[in-house]
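Peer 1: could you work out the structure for the sequence below:
(chains A and B)
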Amino acid sequence: MAHIGVLALQGDYEKHSRSLARVGAQTSEVRTAAELEPCDGLVIPGGESTSMLKLLDREGLFEPLRRFGARKFIFGTCAGAILLATRVENPEQPSLGLVDIAVRRNAYGRQLDSRVASIAGVGFGSMEAVFIRAPIILSTGPAVRVLARYGNDPVLVEDGRHVVSTFHPELSNDDRVHAYFLKKVTG
Amino acid sequence: MILNEEFRLKIGLAEMLKGGVIMDVTTPDQAVIAEAAGACAVMALERVPSDIRRDGGVARMSPVSMIRGIQNSVSIPVMAKARIGHYMEARVLEVLEVDYIDESEVLTPADEENHIDKRQFKVPFVCGAKNLGEALRRISEGAAMIRTKGEAGSGNIVEAVRHMRTIQREMKQLTVLTHDELYAEAKRHQSPIELVEFVAANGQLPVPNFSAGGVATPADAALMMAMGAETVFVGSGIFKSNDPARFAKAIVKATTYWKDPVKVMEACDEVGVSEPMRGLDTSKLPAEELMANRGW
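Peer 2: Got it, this is the predicted structure:
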């Protein structure tokens, strides 16, 4: 059984653990480099990317995460997408640079502009997308494959081993994106 | 239990705040310190609760200019407080696009019978509760997040512990009852049967449950997490300590790593010999001075 860690510094990590368990993964919460080590894949959840960034930095997790991403699988949602990107705007902030995308934080505006939308994904068909203070993917590198868009904006993409969504599949009763990620990990 | 799209979104933002620390701030400079320390949100208010307690008088919604100043200085969510029942203050905060409204007992209540009909708003609300009945009544009115009240501005964790223990115990009790016993429980808790049934089936509230009112040290924050809080609000505890930046950082660390006593010890050590806020013995306060008794 594949072991998927969920970065549990802050955010909706518990929701991800539940989605992953439902699709048949073994899960554990990851707060230290030692807890990251045994994982086959990692989910970086939604939450506040600035809060996570401070803790990554202070607890010395930034480099271990980068090294993990260089050989293993990572799935980031919302704040996780921001942390995985190569470039971040509004404001500019450091990131892991593991997925070749540029993102703009809180791009749809404040909470009043959060929404539940219906999107269509390549190989997924129609699915619900819950956006909460979501970032926008401004541009994607040549190796990035767009799996779903909302309007013109890519909202679900993959770059090699890694998957990123700007919405929250963990908040819908639909585990297909988690199942897709797990399948990448198990091969 | 009506989980329509709008209510799911409101709960969704609360989910994003989990495992973090929400800090009371009164100026843009304080908001910047809070964000730099790793706060997952800030609560904009005119005076921290311990000053409200000291000054007396009527405590109201914060000035618009102050809330705007704080919104412009940070990228994390900004919450603000409205008086209990003061739905016009809430309308003003909604127009300002605060991320969350706290219908708060820390301010002087505007209505001694009715809380705000929170379902009529697009902006999500958080409300305080001392027990399960209060929590479920607030949820039925539309609150998307509950925080145990504790005793704001006291710097004393005892009331927060009392309220968290009470809610957790009352939830556990419901889970072992048979369905025909739940009607009497709904009556006892003065709460809708649908919400009582939800708690009985799930052993938890249908919305996130955070803790507030009395956290003054990293160990206090870790204690509340261990007792079942999903996030910690820190009011006076940071900016009434004698080293706010250090206390803020250390409380964030202790909240994230509450399961690991070594990390909690490190967080306690990070504040060095800086002093936490001076606390109050809440058992010596007369009942009419307890903010937790506001709200019904």
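Peer 1: okay, the closest residue to B:G142 other than its chain neighbours: pLDDT?
Peer 2: With sequence-adjacent residues excluded and distances taken as CB to CB, 6 or more residues apart in numbering or on different chains, B:G142 is closest to B:K118, at 3.1 Å. Placement of C-beta: from N, CA and C, glycine included. Looking at B:K118, its pLDDT stands at 97.
Peer 1: B:P109 contacts B:I84, doesn't it?
Peer 2: Yes - assessed by CB atoms under 8 Å, B:P109 is found in contact with B:I84 at 4.1 Å.
Peer 1: which residues do the two both contact?
Peer 2: Counting by CB atoms under 8 Å, 6 or more residues apart in numbering or on different chains, the contacts common to B:P109 and B:I84 are B:R294, B:G295.
Peer 1: looking at these two, which one has more neighbours?
Peer 2: Neighbour comparison, B:P109 and B:I84: the larger count goes to B:I84, with 24 against 20 (by other CB atoms under 10 Å in any protein chain shown).
Peer 1: for chain A, see how far away the more buried one is.
Peer 2: When distance is defined by CB to the nearest CB, to the nearest Å, B:I84 is 22 Å away from chain A.
Peer 1: check contacts around that residue.
Peer 2: B:E103, B:S104, B:E105, B:L107, B:P109, B:A110, B:D111, B:H115, B:I116, B:R294, B:G295.
Peer 1: now list the buried members of the residues you listed.
Peer 2: B:E103, B:S104, B:E105, B:L107, B:P109, B:A110, B:H115, B:I116, B:R294, B:G295 (16 or more other CB atoms under 10 Å in any protein chain shown).
Peer 1: how close does the spatially closest residue to the last one that is not a sequence neighbour get to A:L53?
Peer 2: Just to be clear, that refers to B:G295. Excluding the flanking residues, the one nearest B:G295 by CB to CB, 6+ apart is B:E105, at 5.0 Å. Relative to A:L53, B:E105 is positioned 34 Å away (CB to CB, to the nearest Å).
Peer 1: tell me which of the contacts of B:I84 is nearest to chain A?
Peer 2: The shortest gap between chain A and any of the contacts of B:I84 belongs to B:E103, at 16.2 Å (CB to the nearest CB).
Peer 1: hang on, that closest one is in a strand, isn't it?
Peer 2: Yes - per DSSP: H, G, I helix; E, B strand; the rest coil, B:E103 lies within a strand segment.
Peer 1: what is it paired to in the beta sheet?
Peer 2: Beta-bridge partners recorded for B:E103 (DSSP bridges): B:A82, B:C127.
Peer 1: B:C127 is in contact with that one, correct?
Peer 2: Yes - at 5.1 Å, B:E103 counts as touching B:C127 under the criterion of CB under 8 Å.
Peer 1: which residues touch the residue nearest the centre of chain A?
Peer 2: Centroid-nearest residue in chain A: A:G76, 1.0 Å away (criterion: CA atoms, centre = their mean). By CB under 8 Å, 6+ apart, A:G76 lies in contact with A:V43, A:I44, A:I82, A:L83, A:L84, A:V99, A:H162, A:V163, A:V164, A:S165.
Peer 1: cutoff 6 Å now
Peer 2: Residues in contact with A:G76 (CB atoms under 6 Å, 6 or more residues apart in numbering or on different chains) are A:I44, A:L84, A:V164.
Peer 1: next one: B:I22
Peer 2: Contacts for B:I22 (CB under 6 Å, 6+ apart) come out as B:A41, B:M43, B:F233.
Peer 1: take these and keep only those in strands.
Peer 2: Using DSSP state E, the subset of those located in strands is B:A41, B:M43, B:F233.
Peer 1: so can I have CSV of those showing pLDDT and neighbour count?
Peer 2: Below are these laid out as CSV (pLDDT from 0 to 100; neighbours: other CB atoms under 10 Å in any protein chain shown):
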residue, pLDDT, neighbour count
B:A41, 97, 25
B:M43, 97, 30
B:F233, 96, 30
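Peer 1: for those, give me TSV that also has distance to B:M171.
Peer 2: Shown next, in TSV, are the ones in strands among the contacts of B:I22 (distance: CB to CB, whole Å):
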residue	distance to B:M171
B:A41	25
B:M43	26
B:F233	20
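Peer 1: output those residues as TSV; include the columns distance to chain A.
Peer 2: Formatted as TSV, the ones in strands among the contacts of B:I22 follow (distance: CB to the nearest CB, whole Å):
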residue	distance to chain A
B:A41	7
B:M43	14
B:F233	14
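Peer 1: now, which of those sits nearest A:M127?
Peer 2: B:A41 (28.9 Å; CB to CB).
Peer 1: quick one: the helices in the chain?
Peer 2: I'll assume chain A. According to DSSP state H, chain A carries its helices in the segments A:13-22, A:33-36, A:49-58, A:62-71, A:79-84, A:176-186.
Peer 1: think we crossed wires, I meant chain B
Peer 2: So, for chain B - with DSSP H - the helices run B:5-16, B:28-37, B:49-55, B:64-73, B:87-95, B:132-140, B:158-175, B:182-188, B:193-202, B:218-226, B:236-239, B:244-256, B:261-270.
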